[in-house]
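Chemist: no sequence for this one, just the structure:
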């Protein structure tokens, strides 16, 4: 079996003994991680990563609530507003694609920290933008940082949490997105009642200082270190994790570790995503991410502005957007339960089809009650879809290219999220709101079909078993 070196994205042969030694180390580290009981230590690491995710999500969600005031302040047409709202997704595309490669080469924790600096700076620059062109550039920078953070955070959590709880915890991680979205809405509601939209971005850029907490407490992934052949650092980090877990168990001896079967192929870089065993997964994930994000962001970015188009004032449109987004909380909690009880595929398909049906009724709502009920159902399913999507994606690639695979899937999704808001800006004047939501529903149905036909189930399997 051919082997590839650990450096770069170009495959070079390495000695068989070296590959075998590294493979054995990966198997040992994976076995030691998988046998650890869940304690407050792993939960604390999760909480730190999830808090950073929460702050990031606040920045991403802000435009939903302030697009209307920005559009009025700069005198933008629907098409221009759609292009502006897509700028952050352009940045997210570049950030997601580059972060995966960087995290697989330089480490998860380091790239995660850098991403926080970018989105914090970008958010503050949005608040001080003197023109729409400057605002668009700042949104690209903000999106770059956000795009970097998401795939790296998924990889970090998936590599720390044992298989039996992995899906649930990644689903809960994604649940911090609706929480951040709702918090962003509350901030916008308060700020817009007192001053203009600029202060929303300035205030939401300040929490990037949380990077200092990440730097101090979140270790590098021992799975990644072992896959890179850095056995000394992998052993040091793993020993620290075991000591912390044992301390939380009052010194109780840890269960015996059994090495986990691993794929001994030392493949790295983009070519692995299209190698035997992974090409089908890559095709499925790229199509899933593209259509799911086209539908979700195409609609969500415009929710506030569309409510204003129905005659609601700015503050009331923000209030209603927050209200229907509250359904995202039970949505991601339900998904977190379903993915471990029923599986990733059925949860994803159910959430996507449910969101499509709700979109149809939301777009055709003729009264306020129907609008709110359909909106609640739409956000319940949409945020459930997000939880399952984030739990599923990093599981389908081996450790050496997990962040790369996750990052490029996310990047392809960002193309969809880039197209969605812009496309709706052109569709709205001709097809109206019913046409806008028909587009969202169709995108969700297509995403579900790709999972149904090409997807495979990963519930309860170790990362190494899935990639073997």
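Modeler: Yep, it's here. Since the model is a prediction, treat every value here as computed from it, not as a measurement.
Chemist: And residue 125, how far from residue 43?
Modeler: Applying Cβ to Cβ, to the nearest Å, the value for residue 125 to residue 43 is 35 Å. From N, CA and C alone the C-beta is placed, and that goes for glycine too.
Chemist: where does the stretch 1-150 of the chain dip in pLDDT?
Modeler: For the stretch 1-150 of the chain, applying pLDDT under 70 flags the ranges 1-24.
Chemist: now the helices for it?
Modeler: 16-34, 40-74, 78-106, 108-127, 132-160 (DSSP state H, counting those that start in this stretch).
Chemist: Tabulate the ones you listed (JSON lines), appending mean neighbour count.
Modeler: Formatted as JSON lines, the helices of the stretch 1-150 of the chain follow (neighbours: other Cβ atoms under 10 Å):
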{"stretch": "helix 16-34", "mean neighbour count": "19"}
{"stretch": "helix 40-74", "mean neighbour count": "22"}
{"stretch": "helix 78-106", "mean neighbour count": "24"}
{"stretch": "helix 108-127", "mean neighbour count": "22"}
{"stretch": "helix 132-160", "mean neighbour count": "25"}
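Chemist: Now the ones you listed in TSV, please, with extra columns for distance to residue 446.
Modeler: Putting those into TSV (distance: least, Cβ to Cβ, whole Å) gives the following:
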stretch	distance to residue 446
helix 16-34	36
helix 40-74	23
helix 78-106	19
helix 108-127	30
helix 132-160	22
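Chemist: Can you say which of those is nearest to residue 374?
Modeler: Ranking these by proximity to residue 374 (Cβ to Cβ) places helix 40-74 first, at 17.3 Å.
Chemist: Next, the angle from the closest one to helix 132-160.
Modeler: Orientation of helix 40-74 against helix 132-160 (axes from the mean of the first three to the mean of the last three Cα atoms, to 10 degrees) gives an angle of 160 degrees.
Chemist: from the chain's centre, how far out does helix 40-74 sit?
Modeler: 12 Å (Cα atoms, centre = their mean, to the nearest Å).
Chemist: And stretch 444-462, by the same measure?
Modeler: Stretch 444-462 has its C-alpha centroid displaced from the chain centroid by 17 Å (Cα atoms, centre = their mean).
Chemist: Can you get me the start-to-end distance on that stretch?
Modeler: With Cα to Cα, to the nearest Å as the measure, stretch 444-462 spans 29 Å from end to end.
Chemist: Who are the contact partners of the closest residue in space to residue 326 that isn't next to it in sequence?
Modeler: Closest residue in space to residue 326, ignoring its immediate chain neighbours: residue 182 at 6.4 Å, by Cβ to Cβ, 6 or more residues apart in numbering. Residue 182 makes contact with 322, 325, 326, 328, 329, according to Cβ atoms under 8 Å, 6 or more residues apart in numbering.
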